[in-house]
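# this one's structure only:
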């Protein structure tokens, strides 16, 4: 006698929790992109500030553009990964596979990524001569 076990779809609360998690990751990605835009335009702001103060020695602020691009790209990757992870999770929930024993490495990866970019930006800002100093 062959018995097949049919799994039921997960309860609604699991789907809603997955959607809240997706929205939190989307907010994180959008915040990274917004912060990246601000950082990318920071160099332009400093150049305008030096122009107004008529400072002759103007250092290059191109590195702020690259830090901004790195942060924006990181935000795009976070949103893409969040969408992919959410899709996979909802498919598992539809099949009744609700036990996830794998750890979430996404949060730790993003935390280290932001810390590394922040450290690099700190070194950059400390090494860039400002006219206010």
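Okay, I see it. Please read these numbers as outputs of a predicted model, since none were measured by experiment.
# Would you mind measuring from residue 114 to residue 42?
17 Å (CB to CB, to the nearest Å). From N, CA and C alone the C-beta is placed, and that goes for glycine too.
# what ranges of this protein fall below the confidence cut-off?
Across the chain, the ranges flagged by pLDDT under 70 are 1-6, 55-61, 98-103, 128-133.
# Let me see the ranges of the helices in it.
12-53, 62-94, 106-127 (DSSP state H).
# Tell me which of the ones you listed sits most buried.
Each of those was scored by mean neighbour count; the highest is helix 62-94, a mean of 16, by mean count of other CB atoms under 10 Å.
# now residue 38: how far from residue 112?
21 Å.
# Excluding sequence neighbours, find me the nearest residue to residue 79.
residue 29 (3.7 Å; CB to CB, 6 or more residues apart in numbering).
# and what of residue 31?
residue 75 (7.3 Å).
# same question, residue 94
Nearest to residue 94 is residue 9, by CB to CB, 6+ apart, at 5.5 Å.
# and that neighbour, what is it in contact with?
93, 94, 95, 96 (CB atoms under 8 Å, 6 or more residues apart in numbering).
# Check residue 72 too.
Contacts of residue 72 by CB under 8 Å, 6+ apart are 32, 33, 36, 37, 40.
# State the distance from it to residue 92.
31 Å.
# swap in residue 118?
34 Å.
# Over to residue 28?
22 Å.
# Please apply the same query to residue 78.
Taking CB to CB, one finds residue 78 at 21 Å from residue 92.
# do the same with residue 26
From residue 26 to residue 92 the distance is 20 Å (CB to CB).
# Same question for residue 35.
Between residue 35 and residue 92 the distance is 32 Å, computed by CB to CB.
# ok, now residue 127?
48 Å.
# Excluding chain neighbours, what is closest to residue 68?
Using CB to CB, 6+ apart, the nearest residue to residue 68 is residue 40, at 2.5 Å.
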